[in-house]
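Asks: Next comes the sequence, and after it the predicted model I'd like to discuss.
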Amino acid sequence: MINLEEVYKKAGALLEGHFLLSSGNHSQYYLQSAKVLEDTKVAEMLAKELAIMIREAGIKVDTVCAPALGGILAGYELARALDARFIFAERVDKVMTLRRGFEVREGENVLICEDIITTAGSALEAAKTVEEHGANIVAFAALANRGFCKRNGSDKEAKPECKLPKDMPFFALDDFDFEIYESENCPLCVDGSEAYKPGSRGN
Ligand code: ZN
């Protein structure tokens, strides 16, 4: 079994500081999955592990679809490991859209893949987009689960924030269940530091 936390630490992808998340909440930790996936051998190994879980669950995948930008690397590797096709959805004027000539057949079995699933908002938007093109969503997957949704094989229940349908299988290699604070209740803010957006200081 892979120790995902070790993999992220070794890659310098588990950042510690005072982060402003895209949700507007604050956190002491931030996962920079692109740092893990820059090593193509590690990316391949993680995707193969995830593919084993999906195959063992008996799920047949024709196509992996990732929401851009975060899910693309993980999704591409997972598609390769599953011997499936790969497409991605991207936002155009905030609406998740299929561009670049990507098409989906009626009844095609599509798995949605992210690097990290938090509440699964973007993943669900990508799912709706391909469903509108006639696809059949068979599962969701991510390298890591931030602890809001329930992944297959874990006894940790989903929190109310999780947007994934309850009956939909969700595969991830591990849970990264860090505290997330609302900006008005953040102990790091109380200590006097200021939250910053990951990436804005060269990381
Ligand atoms: Zn804060």
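Replies: That came in fine, so what should we check first? Numbering: from 1, shown residues only.

Asks: Pull the contacting residues for C189.
Replies: C189 makes contact with H18, H26, Y181, S183, A195 under the criterion Cβ atoms under 8 Å, 6 or more residues apart in numbering. Using the backbone N, CA and C atoms, a C-beta is placed for each residue, glycine as well.

Asks: what do you get for L50?
Replies: With contacts defined as Cβ under 8 Å, 6+ apart, the neighbours of L50 are L78, A81, A141, L143, F171, A172, L173.

Asks: So which of those residues are in strands?
Replies: When DSSP state E defines the strands, the subset of the contacts of L50 inside them is A141, L143, F171, A172, L173.

Asks: The first one - how many residues pack around it?
Replies: The local packing count at A141 equals 32, with neighbours defined by other Cβ atoms under 10 Å.

Asks: what about the nearest residue to A158 once chain neighbours are set aside, which SS state?
Replies: Nearest-residue entry for A158: K150, 4.1 Å, with adjacent residues in sequence omitted and distances by Cβ to Cβ, 6 or more residues apart in numbering. Per DSSP: H, G, I helix; E, B strand; the rest coil, the secondary structure class of K150 is coil.

Asks: picking up where we left off before, now, the most widely separated pair of the contacts of L50?
Replies: The distance between the two most remote of the contacts of L50 (Cβ to Cβ) is 14.7 Å, for A81 and A172.

Asks: Who has more neighbours out of those two?
Replies: Legend: neighbour count by other Cβ under 10 Å for A81 and A172, higher for A172 (25 against 21).

Asks: Identify the bridge partners of the more buried one.
Replies: Beta-bridge pairing of A172 under DSSP bridges involves A142.

Asks: Contacts only, for it.
Replies: If you count contacts by Cβ under 8 Å, 6+ apart, A172 has them with L50, I117, A141, A142, L143, A144, N145, R151.

Asks: measure it to G153 for me?
Replies: 9 Å (Cβ to Cβ, to the nearest Å).

Asks: Endpoint to endpoint, stretch 21-36 covers what distance?
Replies: Separation of the first and last residues of stretch 21-36 by Cα to Cα, to the nearest Å is 19 Å.

Asks: buried residues in the helix ranked longest in the chain?
Replies: Counting residues, the longest helix found in the chain (DSSP state H) is helix 40-56. Using 16 or more other Cβ atoms under 10 Å as the burial criterion, the residues of helix 40-56 that qualify are V42, A43, L46, A47, E49, L50, A51, M53, I54.

Asks: In contact with the first one, which residues are there?
Replies: It stands for V42. Taking Cβ under 8 Å, 6+ apart, one finds V7, A11, V36 in contact with V42.
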